[in-house]
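Enquirer: Requesting a structural model of the entry that follows:
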Amino acid sequence: MPSPDASASDSTALVLTRTLDAPRETVFAAWTSAKEMSRWMGPGAIRAEVEAMDARVGGAYRIVFHGTPNPSGMNIVRGVYREIVPPSRLVFTWAWEEDMATHKLGHESVVIVTLRAIGSRTELTLRHEKLESKESRDSHAHGWEGCFEKLVNYLQPGRA
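Expert: Model (predicted):
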């Protein structure tokens, strides 16, 4: 399980890094297009329905995750874009619309996505900070790792 960045003062911060076989512009589009994000967001069999995405500073997004273990079978997350620097950086808030065991209603955390070109590949670093607890950090780590697995597959050449 990934651990918080050792240099971070926030013990609940999560930092994950992946190198992807796709150009930075393609990876950036996967994060800022509702159509593309719906194809990879959500771990495992969980499916994301991007209900709203206004990828500009001050714009909002809302994602419904279907197939979750919640009694309703779904979780909903929403947020606002704080910073967008194409094709290298996104900063947005992340808040669940319902209480769950490790996520509290209305608590707003912050996600920072940094994309660095490495030739024709991209190094993606995700920092998720201001999470409520270490349990929430670990739960989000599991979720983001599952999302990244789907993103890697989505970015494969010849994808549908």
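
Enquirer: helices or strands next to the longest strand belonging to the chain in the packing?
Expert: Of all the segments of type strand in the chain, defined by DSSP state E, the longest one is strand 74-85. Secondary-structure packing of strand 74-85 (3 or more C-beta pairs under 8 Å, 6 or more residues apart in numbering; DSSP states H and E): strand 60-66, strand 89-96. No exception for glycine: its C-beta is placed from N, CA and C like everyone else's.

Enquirer: any chance of those strands in TSV, with distance to Glu149, mean neighbour count and mean pLDDT too?
Expert: Formatted as TSV, those follow (distance: least, C-beta to C-beta, whole Å; neighbours: other C-beta atoms under 10 Å; pLDDT from 0 to 100):
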stretch	distance to Glu149	mean neighbour count	mean pLDDT
strand 60-66	15	18	96
strand 89-96	19	19	96
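
Enquirer: The spatially most central residue of the chain: what secondary structure?
Expert: The residue lying closest to the centre of the chain (C-alpha atoms, centre = their mean) is Trp144, at 6.1 Å. Following DSSP: H, G, I helix; E, B strand; the rest coil, we place Trp144 in the helix state.

Enquirer: before we move on, back to that, next, format the helices and strands packed on strand 74-85 as TSV and append distance to Asp54.
Expert: As requested, the helices and strands packed on strand 74-85 are arranged in TSV below (distance: least, C-beta to C-beta, whole Å):
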stretch	distance to Asp54
strand 60-66	6
strand 89-96	11
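
Enquirer: what sits against Leu126?
Expert: The contact partners of Leu126, taken as C-beta atoms under 8 Å, 6 or more residues apart in numbering, are Leu14, Val15, Leu16, Thr17, Val111, Ile112, Val113, Thr114, Trp144.

Enquirer: Next: Glu97.
Expert: Glu97 sits next to Asn75, Ile76, Val77, Arg78, Leu105 when contact means C-beta under 8 Å, 6+ apart.

Enquirer: try it again with 6 Å
Expert: Applying C-beta atoms under 6 Å, 6 or more residues apart in numbering, we find Glu97 in contact with Ile76.
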